[in-house]
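**Q** mind folding the following:
(chains A and B)
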2 protein chains.
Amino acid sequence: MTEPLVTTLASRTKTARIGQEFPFVIIGERINPTNRKRLAAALLALETHANNPDHPDFKDGYAYVQAQAVRQVEAGAHVLDVNVGFAGGDEPVVMPIAVKAILEVVDVPLSIDSPDARAVEAGLRVFTEITGGKGLINSTTAEPERAEKMLPIAKKYGAALIGLAHGASGIPVVVEERFEAARTIMQQCADHGIPPENILIDPLTLTVGADDQAGKVCMGTLRRVTFELGLNTTNGASNVAFGLPDRKSINLTYLPMLIAGGLTSAITNPLEPEIVSATKAADMLMGRDRSCLAWIKHNRAKAKAEAEAKAAAQLAAA
Amino acid sequence: MTEPLVTTLASRTKTARIGQEFPFVIIGERINPTNRKRLAAALLALETHANNPDHPDFKDGYAYVQAQAVRQVEAGAHVLDVNVGFAGGDEPVVMPIAVKAILEVVDVPLSIDSPDARAVEAGLRVFTEITGGKGLINSTTAEPERAEKMLPIAKKYGAALIGLAHGASGIPVVVEERFEAARTIMQQCADHGIPPENILIDPLTLTVGADDQAGKVCMGTLRRVTFELGLNTTNGASNVAFGLPDRKSINLTYLPMLIAGGLTSAITNPLEPEIVSATKAADMLMGRDRSCLAWIKHNRAKAKAEAEAKAAAQLAAA
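**A** The predicted structure follows:
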């Protein structure tokens, strides 16, 4: 293999570098209304009162979305995923409003997450105008119709994009076919003039409770994409444990396994402190943390935050 | 690669199978007097009163060692490591007594752990006489003097053995040299008529706080031993976090990373329930747990034990 590729994302002043030589990148998953009623309501308010930003419901919704962004970045997210897809919602209207709201309060690269190319373009346009940076599109697949919509947007804005290892006939259950989907995406990107460092392949994690080979197939695909194609990767790993007991242990076990297998970023929940700690421990164990300084710093900050929370609680009780 | 090798260990009625297709094997590490004063005292009593088994101190020591064995097997250990090396202790005297004591209360294969070949032989002889099974020697290295002592014992008793990736001039800090040590051990075993399935290579985990590449070098060695030599592996992973904050998170992150990299067994602490859960979650994520039944069973047993403990506590408080 030649030099490992580095996928660079940027906001106004912050750069996120994704690659084998860099600390693992957490893409915060919490701005997504699936199963989150309060967020869905906030997004609906942004849509309903899109032309009346002084409406109190709009203001509330706007502030709620902003709070989700701030909490995640404070907790350790390097990039934020922005998904505004709620039932009946008009994503091309809501996405740019959400992006603008988020960028007023945090300075991190955003992942514009929608199957709707108009929503992706609307979000990415605002992101690029405001930051002058480099965003992430979530996502394309090996399906030609989807690639034909998403790739020109990535090219136009110089954005990186997530390619799901998803073929024209659904999600393959064997490594070979997922790997072929990844290779197809790489070729489609090349055809559109998108360089390989702008691609993050998602080897796809299905629910292990529904298919007991789900973890194995994802890891097998990940390894081939990492070592044979040399591409960087991401994964939405949180669903692996759906429906099983002790989901937390499963998630905390799975993410380090993926990192050991080459995973360079994940779309996950930074509000779970064990997840953030696991990625930092994994960086150290992968030899990416010089003199373990990042680990020590992370733990000092954690101890300080805990002490402050304790002091505040004592003060409140006094 | 041809069929993956299976390393089989056996006690009277229990067989432990170590290999890529089998659940991860936990070798309990707790019968080891290093930093355990109470255990060191128990072992000293076994030595002092070796010829007087009715002495109360001997009886106490005997029972204490037995209790360590029972707790570990109840907690999920498949094999027990037996290390009786305390300062000034006479290992060839103590080892067979400890082995006999342990086999009176648990029926699992034992790992006879000593740098002293006489102690290894004395322990393995008793183990084999009592169980008619197949034990494990911990350990040989690529050093010819050590191999010349340990390998004939392994051959004589048909035992498996752990080979530390340790060369004639100490523990190498680069993957290539550790891999060479493993290859040397494989050749030494072949020269002594020991088949490759009887070898568990330990790629060696040093303390990451002392060498920030320690995890990376171990994992790199592990991968090559697993995929190029096709041998099974073990690792004493608990020291990786020594001297660093939040050791528990580091240990809980590291073991799944090793399992993802091919590790088939570990010498670790089964009394930490999170460690046992992590190995079972990793089995499921490696596709080795059909319909996730072992995971579900493990969690049912855990829930039952917790409920019983709670009921007992309430009864005691009533």
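
**Q** report the mean confidence score over the helix or strand hosting residue A:44.
**A** Residue A:44 belongs to helix A:37-48 when assigned by DSSP states H and E. Helix A:37-48 shows a mean pLDDT of 97 in the predicted model.

**Q** same question for stretch A:217-230.
**A** The model assigns stretch A:217-230 a mean pLDDT of 97.

**Q** how far does it stretch from start to finish?
**A** 18 Å (C-alpha to C-alpha, to the nearest Å).

**Q** where do the helices sit along chain A?
**A** Along chain A, counting by DSSP state H, helices occupy A:37-48, A:56-75, A:91-105, A:117-131, A:144-157, A:175-191, A:214-224, A:247-260, A:273-285, A:293-317.

**Q** for the ones you listed, which one sits closest to residue A:31?
**A** Residue A:31 lies closest to helix A:56-75 among the helices of chain A, at 5.2 Å (C-beta to C-beta). (C-beta placed from N, C-alpha, C; glycine too.)

**Q** I'd like the distance from the closest one to the chain centre, please.
**A** 18 Å (C-alpha atoms, centre = their mean, to the nearest Å).

**Q** stretch A:139-159 now?
**A** 17 Å.

**Q** report the buried residues of it.
**A** A:139-143, A:146-147, A:149-151, A:153-154, A:157, A:159 (16 or more other C-beta atoms under 10 Å in any protein chain shown).

**Q** indicate whether whichever strand in chain A runs longest makes contact with chain B.
**A** Ordering each strand of chain A by length in residues (DSSP state E) puts strand A:25-31 first. No. Counting by C-beta under 8 Å from any C-beta of the partner chain, chain B is not contacted by strand A:25-31; separation bottoms out at 14.6 Å.

**Q** report the angle between that strand and helix A:37-48.
**A** 80 degrees (axes from the mean of the first three to the mean of the last three C-alpha atoms, to 10 degrees).

**Q** got a list of contacts for strand A:25-31?
**A** A:16-18, A:36, A:39, A:65, A:68-69, A:71-73, A:75-84, A:98, A:102, A:111, A:136, A:234, A:236, A:238, A:264-271, A:275-276, A:279 (C-beta atoms under 8 Å, 6 or more residues apart in numbering or on different chains).

**Q** next: stretch A:139-148.
**A** A:113, A:115, A:150-151, A:154, A:161-168, A:180-182, A:184-185, A:188, A:192, A:202.

**Q** try 6 Å this time
**A** Outside stretch A:139-148, the residues that touch it by C-beta atoms under 6 Å, 6 or more residues apart in numbering or on different chains are A:150, A:161, A:162, A:163, A:164, A:166, A:167, A:168, A:181, A:184, A:185, A:188.

**Q** what pLDDT does the residue lying closest to the last one once chain neighbours are set aside get?
**A** The spatially closest residue to residue A:188, leaving aside those adjacent along the chain, is residue A:147, at 4.5 Å (C-beta to C-beta, 6 or more residues apart in numbering or on different chains). Here, the pLDDT recorded for residue A:147 equals 97.

**Q** ok, now residue A:280?
**A** Per the predicted model, pLDDT is 98 at residue A:280.

**Q** over to residue A:200?
**A** In this model, residue A:200 carries a pLDDT of 98.

**Q** try residue A:239
**A** 86.

**Q** repeat for the one 4 residues further on
**A** Among the per-residue scores, residue A:243 shows a pLDDT of 95.

**Q** burial of it, as a residue count?
**A** Residue A:243 has 11 neighbours, counted by other C-beta atoms under 10 Å in any protein chain shown.

**Q** around chain B, pick out the residues from chain A.
**A** Chain A has residues A:208-209, A:212-213, A:215-216, A:245-246, A:249-250, A:253-254, A:256-257, A:260-261, A:277-278, A:281-282, A:284-287, A:291-292, A:299 near chain B, with proximity defined as C-beta under 6 Å from any C-beta of the partner chain.

**Q** name the helix or strand of chain A that has the lowest mean pLDDT.
**A** The weakest-scoring helix or strand in chain A, judged by mean pLDDT, DSSP states H and E, is helix A:293-317 (a mean of 93).

**Q** quick one: contacts of that helix?
**A** Taking C-beta under 6 Å, 6+ apart as the rule, helix A:293-317 contacts A:280, A:284, A:289, B:245, B:246.

**Q** leaving out the residues flanking it, which one is nearest to the third one?
**A** Read that as residue A:289. Residue A:289's closest residue in space is residue A:283 (C-beta to C-beta, 6+ apart), at 5.0 Å.

**Q** which residues touch the one you found?
**A** By C-beta under 6 Å, 6+ apart, the neighbours of residue A:283 are A:23, A:24, A:289.

**Q** how about residue A:281?
**A** B:249, B:250, B:253.

**Q** skipping adjacent residues, who's closest to the last one in space?
**A** Okay, so that is residue B:253. Per C-beta to C-beta, 6+ apart, closest to residue B:253 is residue A:281, 3.9 Å.

**Q** which one of the contacts of residue A:283 is nearest chain B?
**A** residue A:289 (6.2 Å; C-beta to the nearest C-beta).

**Q** and the gap between the closest one and residue A:280?
**A** 8 Å (C-beta to C-beta, to the nearest Å).

**Q** and for residue A:256?
**A** On the measure of C-beta to C-beta, residue A:256 and residue A:280 end up 11 Å apart.

**Q** again, but for residue A:54
**A** Where residue A:280 is concerned, residue A:54 sits at a distance of 43 Å (C-beta to C-beta).

**Q** and what of residue A:21?
**A** Distance from residue A:21 to residue A:280, by C-beta to C-beta: 16 Å.

**Q** higher neighbour count, those two?
**A** residue A:280 (26 against 12).

**Q** next, the contact list for that one, please.
**A** A:295, A:298.

**Q** ditto for residue A:216
**A** Counting by C-beta under 6 Å, 6+ apart, residue A:216 has contacts B:286, B:287.

**Q** quick one, what contacts residue A:117?
**A** Residue A:117 touches A:149, A:150, counting by C-beta under 6 Å, 6+ apart.

**Q** make it 10 Å
**A** Contact analysis of residue A:117 by C-beta atoms under 10 Å, 6 or more residues apart in numbering or on different chains lists A:92, A:137, A:140, A:146, A:148, A:149, A:150, A:151, A:152, A:153.

**Q** export the residues you listed as CSV, with columns for distance to residue A:48.
**A** As requested, those are arranged in CSV below (distance: C-beta to C-beta, whole Å):
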residue, distance to residue A:48
A:92, 15
A:137, 27
A:140, 31
A:146, 29
A:148, 32
A:149, 27
A:150, 28
A:151, 33
A:152, 31
A:153, 27
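
**Q** ok, so of those residues, who is nearest chain B?
**A** residue A:140 (26.7 Å).

**Q** which residue sits closest to the closest one, ignoring its sequence neighbours?
**A** Per C-beta to C-beta, 6+ apart, closest to residue A:140 is residue A:150, 4.1 Å.

**Q** equivalent analysis for residue A:190, please.
**A** The nearest residue in space to residue A:190 (C-beta to C-beta, 6+ apart) is residue A:196, at 7.6 Å.

**Q** per-residue confidence at that neighbour?
**A** So, for residue A:196, pLDDT stands at 98.

**Q** number of residues surrounding it?
**A** Quick note: residue A:196 (other C-beta under 10 Å) scores 14 neighbours.
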